[in-house]
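# pasted the sequence and its predicted model underneath.
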Amino acid sequence: MDASADGGRTAPEEPLGSEVDDRRFSRKAVLRAALAAGVALPVAMMGVPALARDVGGNGGLLEPTPLCDDGDDPTPPQMEGPYFKPNSPRRTSLVDAGTPGTRLTVTGYVFGLACQPIANALLDFWQADVNGVYDNTGFRFRGHQFTNANGAFTLSTIVPGLYPGRTRHIHVKVQAPGRPVLTTQLYFPGEPRNSTDTLFDPRLLMAVRSVGGAREAAFDFVLNVPQQPGPTTTTSTTPSQPGGGTWAAGTSYAPGARVTHGGVEYVCLQSHLAQPGWEPPNVPALWRVA
(Lines give C-alpha, C1' and ligand atoms only; values in the text may rest on other atoms or scores of the structure.)
Protein backbone atom coordinates (compact mmCIF):
# COMPACT_ATOMS: atom_id res chain seq x y z
CA MET A 1 0.00 0.00 0.00
CA ASP A 2 1.23 3.51 -0.79
CA ALA A 3 2.88 5.29 2.10
CA SER A 4 0.99 8.32 3.46
CA ALA A 5 1.78 11.70 1.94
CA ASP A 6 3.34 14.11 4.36
CA GLY A 7 2.40 17.54 3.16
CA GLY A 8 4.99 18.35 0.54
CA ARG A 9 7.97 16.38 1.79
CA THR A 10 10.78 16.37 -0.77
CA ALA A 11 12.28 12.95 -1.36
CA PRO A 12 15.78 12.69 -2.83
CA GLU A 13 15.84 11.78 -6.48
CA GLU A 14 17.48 8.51 -7.47
CA PRO A 15 18.64 7.65 -10.98
CA LEU A 16 16.39 5.58 -13.19
CA GLY A 17 19.31 3.25 -13.70
CA SER A 18 19.92 0.95 -16.62
CA GLU A 19 17.22 0.86 -19.24
CA VAL A 20 15.47 -2.07 -20.86
CA ASP A 21 17.27 -3.54 -23.85
CA ASP A 22 15.82 -7.06 -23.89
CA ARG A 23 14.50 -7.26 -27.44
CA ARG A 24 12.78 -9.98 -29.42
CA PHE A 25 10.02 -10.39 -31.95
CA SER A 26 6.54 -11.31 -30.77
CA ARG A 27 3.12 -11.31 -32.30
CA LYS A 28 2.41 -8.18 -30.30
CA ALA A 29 5.50 -6.48 -31.70
CA VAL A 30 4.37 -7.32 -35.22
CA LEU A 31 0.96 -5.84 -34.49
CA ARG A 32 2.51 -2.72 -33.03
CA ALA A 33 4.68 -2.34 -36.11
CA ALA A 34 1.80 -2.78 -38.51
CA LEU A 35 -0.46 -0.41 -36.56
CA ALA A 36 2.28 2.19 -36.71
CA ALA A 37 3.12 1.57 -40.38
CA GLY A 38 4.28 4.75 -41.99
CA VAL A 39 5.35 6.23 -38.65
CA ALA A 40 8.15 4.14 -37.14
CA LEU A 41 7.67 0.69 -38.58
CA PRO A 42 11.33 -0.25 -39.21
CA VAL A 43 12.28 0.73 -35.64
CA ALA A 44 9.38 -1.24 -34.22
CA MET A 45 10.21 -4.38 -36.13
CA MET A 46 13.90 -4.13 -35.29
CA GLY A 47 13.10 -4.55 -31.65
CA VAL A 48 10.66 -2.32 -29.81
CA PRO A 49 11.00 -3.97 -26.39
CA ALA A 50 8.11 -6.35 -25.77
CA LEU A 51 9.75 -7.72 -22.63
CA ALA A 52 10.93 -6.03 -19.48
CA ARG A 53 13.16 -7.71 -16.90
CA ASP A 54 14.75 -6.77 -13.63
CA VAL A 55 16.98 -8.51 -11.12
CA GLY A 56 15.36 -10.05 -8.07
CA GLY A 57 16.66 -10.02 -4.53
CA ASN A 58 18.45 -13.33 -5.09
CA GLY A 59 20.26 -11.97 -8.13
CA GLY A 60 18.24 -14.03 -10.60
CA LEU A 61 16.09 -12.76 -13.45
CA LEU A 62 12.48 -12.18 -12.55
CA GLU A 63 9.55 -13.14 -14.77
CA PRO A 64 9.29 -11.08 -17.98
CA THR A 65 6.29 -9.00 -18.97
CA PRO A 66 3.81 -11.42 -20.58
CA LEU A 67 3.64 -11.27 -24.35
CA CYS A 68 0.30 -10.77 -26.00
CA ASP A 69 -0.67 -13.96 -27.80
CA ASP A 70 -3.64 -16.27 -28.06
CA GLY A 71 -4.42 -17.71 -24.63
CA ASP A 72 -1.77 -15.66 -22.80
CA ASP A 73 -2.33 -14.13 -19.37
CA PRO A 74 -3.71 -10.60 -19.10
CA THR A 75 -1.72 -7.76 -17.56
CA PRO A 76 -1.58 -8.46 -13.79
CA PRO A 77 -3.61 -6.23 -11.46
CA GLN A 78 -2.28 -4.32 -8.47
CA MET A 79 -3.88 -2.52 -5.57
CA GLU A 80 -5.40 0.91 -6.05
CA GLY A 81 -3.71 2.52 -3.06
CA PRO A 82 -5.14 5.40 -1.01
CA TYR A 83 -4.68 8.22 -3.53
CA PHE A 84 -7.13 7.45 -6.35
CA LYS A 85 -9.75 10.15 -7.08
CA PRO A 86 -12.66 9.71 -9.50
CA ASN A 87 -13.74 12.30 -12.07
CA SER A 88 -10.26 13.21 -13.28
CA PRO A 89 -10.18 15.57 -16.29
CA ARG A 90 -10.00 14.07 -19.76
CA ARG A 91 -6.54 14.88 -21.13
CA THR A 92 -3.46 13.23 -22.58
CA SER A 93 -0.97 15.63 -20.98
CA LEU A 94 -0.51 16.11 -17.23
CA VAL A 95 2.10 18.86 -17.60
CA ASP A 96 2.43 22.44 -18.78
CA ALA A 97 5.39 24.65 -19.63
CA GLY A 98 6.14 25.43 -15.98
CA THR A 99 5.81 21.92 -14.53
CA PRO A 100 9.05 20.85 -12.79
CA GLY A 101 10.48 17.40 -13.37
CA THR A 102 11.97 15.21 -16.09
CA ARG A 103 9.54 14.99 -18.98
CA LEU A 104 8.20 11.50 -19.65
CA THR A 105 6.11 10.27 -22.59
CA VAL A 106 4.39 6.90 -22.17
CA THR A 107 2.97 5.21 -25.27
CA GLY A 108 1.46 1.83 -25.97
CA TYR A 109 -1.57 -0.18 -26.99
CA VAL A 110 -4.46 -1.93 -25.28
CA PHE A 111 -5.00 -5.48 -26.57
CA GLY A 112 -7.48 -8.26 -25.87
CA LEU A 113 -6.65 -11.95 -25.37
CA ALA A 114 -6.24 -12.60 -29.11
CA CYS A 115 -3.87 -9.65 -29.59
CA GLN A 116 -6.47 -7.52 -31.32
CA PRO A 117 -6.30 -3.83 -30.38
CA ILE A 118 -9.19 -2.38 -28.37
CA ALA A 119 -10.52 1.00 -29.47
CA ASN A 120 -12.11 3.44 -27.00
CA ALA A 121 -10.59 1.72 -23.97
CA LEU A 122 -10.50 4.01 -20.91
CA LEU A 123 -7.14 4.72 -19.25
CA ASP A 124 -7.15 6.74 -16.01
CA PHE A 125 -3.65 7.72 -14.77
CA TRP A 126 -2.53 9.22 -11.45
CA GLN A 127 0.91 9.65 -9.90
CA ALA A 128 3.08 11.61 -7.47
CA ASP A 129 4.76 14.87 -8.43
CA VAL A 130 8.52 15.39 -8.64
CA ASN A 131 8.68 15.57 -4.82
CA GLY A 132 6.81 12.30 -4.30
CA VAL A 133 3.55 14.00 -3.24
CA TYR A 134 0.04 13.29 -4.55
CA ASP A 135 -2.43 16.11 -5.10
CA ASN A 136 -5.36 15.09 -2.90
CA THR A 137 -7.31 18.36 -3.23
CA GLY A 138 -7.09 19.00 -6.97
CA PHE A 139 -6.18 17.01 -10.07
CA ARG A 140 -2.50 17.67 -10.67
CA PHE A 141 -0.94 14.59 -12.29
CA ARG A 142 -4.36 13.02 -12.75
CA GLY A 143 -6.18 12.50 -16.01
CA HIS A 144 -8.05 10.03 -18.17
CA GLN A 145 -8.15 9.35 -21.90
CA PHE A 146 -9.38 6.78 -24.43
CA THR A 147 -7.47 4.68 -26.93
CA ASN A 148 -7.84 5.63 -30.58
CA ALA A 149 -9.22 3.42 -33.37
CA ASN A 150 -5.93 1.44 -33.38
CA GLY A 151 -6.01 0.84 -29.62
CA ALA A 152 -3.13 3.26 -29.02
CA PHE A 153 -2.60 5.79 -26.23
CA THR A 154 -0.06 8.51 -25.37
CA LEU A 155 0.52 10.10 -21.98
CA SER A 156 2.69 13.20 -21.44
CA THR A 157 3.81 13.56 -17.83
CA ILE A 158 6.99 13.63 -15.70
CA VAL A 159 9.05 10.95 -14.01
CA PRO A 160 7.33 10.64 -10.61
CA GLY A 161 9.28 11.38 -7.46
CA LEU A 162 10.09 8.94 -4.69
CA TYR A 163 8.60 8.70 -1.21
CA PRO A 164 9.27 6.31 1.70
CA GLY A 165 8.17 2.72 1.24
CA ARG A 166 7.71 2.73 -2.54
CA THR A 167 9.74 2.52 -5.70
CA ARG A 168 8.99 4.83 -8.64
CA HIS A 169 5.59 4.02 -10.20
CA ILE A 170 2.53 5.28 -12.08
CA HIS A 171 -1.02 4.17 -11.24
CA VAL A 172 -3.54 3.36 -13.96
CA LYS A 173 -7.03 1.97 -14.41
CA VAL A 174 -7.81 0.41 -17.81
CA GLN A 175 -11.26 -0.59 -19.01
CA ALA A 176 -12.48 -1.91 -22.34
CA PRO A 177 -15.99 -0.74 -23.26
CA GLY A 178 -18.52 -2.70 -21.20
CA ARG A 179 -15.85 -4.79 -19.45
CA PRO A 180 -14.44 -4.87 -15.86
CA VAL A 181 -11.79 -2.36 -14.80
CA LEU A 182 -8.14 -3.42 -14.52
CA THR A 183 -6.35 -1.48 -11.75
CA THR A 184 -2.57 -1.77 -11.84
CA GLN A 185 0.75 0.12 -11.60
CA LEU A 186 3.62 0.70 -14.03
CA TYR A 187 7.28 0.54 -12.98
CA PHE A 188 10.67 1.78 -14.17
CA PRO A 189 13.61 -0.57 -14.88
CA GLY A 190 16.87 -0.28 -12.98
CA GLU A 191 15.38 1.43 -9.92
CA PRO A 192 17.27 0.57 -6.69
CA ARG A 193 14.01 0.38 -4.75
CA ASN A 194 12.53 -2.25 -7.08
CA SER A 195 14.23 -4.88 -4.93
CA THR A 196 12.76 -3.59 -1.66
CA ASP A 197 9.23 -2.52 -2.66
CA THR A 198 6.93 -5.40 -1.71
CA LEU A 199 4.39 -4.37 -4.36
CA PHE A 200 6.88 -4.28 -7.23
CA ASP A 201 6.03 -6.72 -10.05
CA PRO A 202 8.56 -7.10 -12.91
CA ARG A 203 5.73 -8.00 -15.30
CA LEU A 204 4.66 -4.36 -15.04
CA LEU A 205 7.99 -2.83 -16.02
CA MET A 206 7.89 -0.28 -18.81
CA ALA A 207 10.54 -0.14 -21.52
CA VAL A 208 12.31 3.18 -20.90
CA ARG A 209 14.93 5.08 -22.85
CA SER A 210 16.54 8.53 -22.67
CA VAL A 211 15.86 11.05 -25.43
CA GLY A 212 17.90 14.17 -24.81
CA GLY A 213 16.96 15.37 -21.34
CA ALA A 214 13.63 13.56 -21.41
CA ARG A 215 12.43 9.95 -21.14
CA GLU A 216 10.27 7.80 -23.38
CA ALA A 217 8.49 4.70 -22.07
CA ALA A 218 6.38 2.00 -23.69
CA PHE A 219 3.92 -0.49 -22.25
CA ASP A 220 1.13 -2.55 -23.82
CA PHE A 221 -1.83 -3.67 -21.72
CA VAL A 222 -3.49 -7.05 -22.32
CA LEU A 223 -7.03 -7.09 -20.96
CA ASN A 224 -9.12 -10.14 -20.11
CA VAL A 225 -11.35 -9.58 -23.12
CA PRO A 226 -12.17 -12.62 -25.29
CA GLN A 227 -11.53 -12.09 -28.99
CA GLN A 228 -11.66 -14.20 -32.12
CA PRO A 229 -8.14 -14.87 -33.43
CA GLY A 230 -9.41 -15.12 -37.02
CA PRO A 231 -8.91 -17.74 -39.75
CA THR A 232 -5.96 -20.11 -39.60
CA THR A 233 -5.33 -20.59 -43.32
CA THR A 234 -2.06 -19.26 -44.67
CA THR A 235 -3.26 -18.21 -48.11
CA SER A 236 -6.47 -17.07 -49.70
CA THR A 237 -7.77 -16.85 -53.23
CA THR A 238 -10.17 -14.04 -52.30
CA PRO A 239 -8.87 -10.74 -53.70
CA SER A 240 -8.37 -8.04 -51.06
CA GLN A 241 -9.58 -5.48 -53.59
CA PRO A 242 -10.41 -5.56 -57.31
CA GLY A 243 -7.32 -6.90 -59.03
CA GLY A 244 -5.57 -7.15 -55.67
CA GLY A 245 -4.43 -10.78 -55.95
CA THR A 246 -4.56 -13.51 -53.29
CA TRP A 247 -3.68 -11.40 -50.22
CA ALA A 248 -6.75 -11.03 -47.99
CA ALA A 249 -7.46 -9.24 -44.71
CA GLY A 250 -8.52 -11.59 -41.91
CA THR A 251 -6.10 -14.31 -42.99
CA SER A 252 -3.41 -15.67 -40.64
CA TYR A 253 -0.12 -15.85 -42.55
CA ALA A 254 2.91 -17.88 -41.49
CA PRO A 255 6.55 -17.22 -42.46
CA GLY A 256 7.14 -18.47 -45.99
CA ALA A 257 3.50 -18.07 -47.10
CA ARG A 258 3.23 -16.63 -50.61
CA VAL A 259 0.60 -14.22 -51.88
CA THR A 260 0.10 -11.97 -54.86
CA HIS A 261 -0.95 -8.35 -54.65
CA GLY A 262 -1.10 -5.80 -57.44
CA GLY A 263 0.42 -8.31 -59.84
CA VAL A 264 3.49 -8.95 -57.65
CA GLU A 265 4.27 -12.09 -55.61
CA TYR A 266 5.35 -11.65 -51.97
CA VAL A 267 6.78 -13.94 -49.24
CA CYS A 268 5.65 -13.59 -45.60
CA LEU A 269 8.43 -12.75 -43.10
CA GLN A 270 6.57 -12.80 -39.76
CA SER A 271 3.47 -14.64 -38.51
CA HIS A 272 0.54 -12.23 -38.33
CA LEU A 273 -3.19 -11.83 -38.81
CA ALA A 274 -3.68 -9.60 -41.86
CA GLN A 275 -5.60 -6.37 -41.35
CA PRO A 276 -6.84 -3.75 -43.84
CA GLY A 277 -3.96 -1.43 -44.64
CA TRP A 278 -1.31 -4.13 -44.12
CA GLU A 279 -1.19 -5.10 -47.79
CA PRO A 280 2.23 -5.71 -49.26
CA PRO A 281 4.22 -3.63 -49.95
CA ASN A 282 2.73 -1.28 -47.30
CA VAL A 283 4.34 -3.24 -44.44
CA PRO A 284 7.88 -4.25 -45.47
CA ALA A 285 8.50 -5.82 -42.06
CA LEU A 286 5.88 -8.45 -42.86
CA TRP A 287 6.42 -9.04 -46.60
CA ARG A 288 9.20 -9.03 -49.19
CA VAL A 289 9.06 -9.45 -52.92
CA ALA A 290 9.43 -13.13 -53.83
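Structure's in. What do you need? Numbering: from 1, shown residues only.
# residue 213 and residue 177, how far apart?
Relative to residue 177, residue 213 is positioned 38 Å away (C-beta to C-beta, to the nearest Å). For the C-beta atoms, the positions are set from N, CA and C on the backbone; glycine is no exception.
# out of those two, which sits in the busier spot?
The residue with more neighbours, out of residue 213 and residue 177, is residue 177; 11 against 7, by other C-beta atoms under 10 Å.
# what's the end-to-end length of stretch 163-174?
End-to-end distance of stretch 163-174: 25 Å, with C-alpha to C-alpha, to the nearest Å as the criterion.
# likewise for stretch 174-181?
By C-alpha to C-alpha, one end of stretch 174-181 lies 6 Å from the other end.
# poorly predicted segments of the stretch 151-290 of the chain, please.
229-244 (pLDDT under 70).
# all the helices of it, residue numbers only.
Counting by DSSP state H, counting those that start in this stretch, no segments of the stretch 151-290 of the chain form helices.
# tell me where it has strands.
152-158, 169-175, 181-187, 207-211, 214-218, 221-222, 252-253, 258-261, 264-268, 272-273, 287-289 (DSSP state E, counting those that start in this stretch).
# for those strands, give me CSV that also has distance to residue 89 and mean neighbour count.
Below are the strands of the stretch 151-290 of the chain laid out as CSV (distance: least, C-beta to C-beta, whole Å; neighbours: other C-beta atoms under 10 Å):
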stretch, distance to residue 89, mean neighbour count
strand 152-158, 13, 20
strand 169-175, 15, 23
strand 181-187, 18, 21
strand 207-211, 26, 16
strand 214-218, 22, 19
strand 221-222, 21, 25
strand 252-253, 41, 20
strand 258-261, 45, 20
strand 264-268, 45, 17
strand 272-273, 36, 23
strand 287-289, 43, 16
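# next, format those as TSV and append distance to residue 141.
Shown next, in TSV, are these (distance: least, C-beta to C-beta, whole Å):
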stretch	distance to residue 141
strand 152-158	7
strand 169-175	9
strand 181-187	14
strand 207-211	18
strand 214-218	15
strand 221-222	20
strand 252-253	42
strand 258-261	47
strand 264-268	44
strand 272-273	37
strand 287-289	43
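# how about the ones you listed, which one is nearest residue 121?
Residue 121 lies closest to strand 169-175 among these, at 6.3 Å (C-beta to C-beta).
# settle this for me: residue 186 is touching residue 207, isn't it.
No: the pair formed by residue 186 and residue 207 falls short of the contact definition of C-beta atoms under 8 Å, at 10.7 Å.
# lovely, talk soon.
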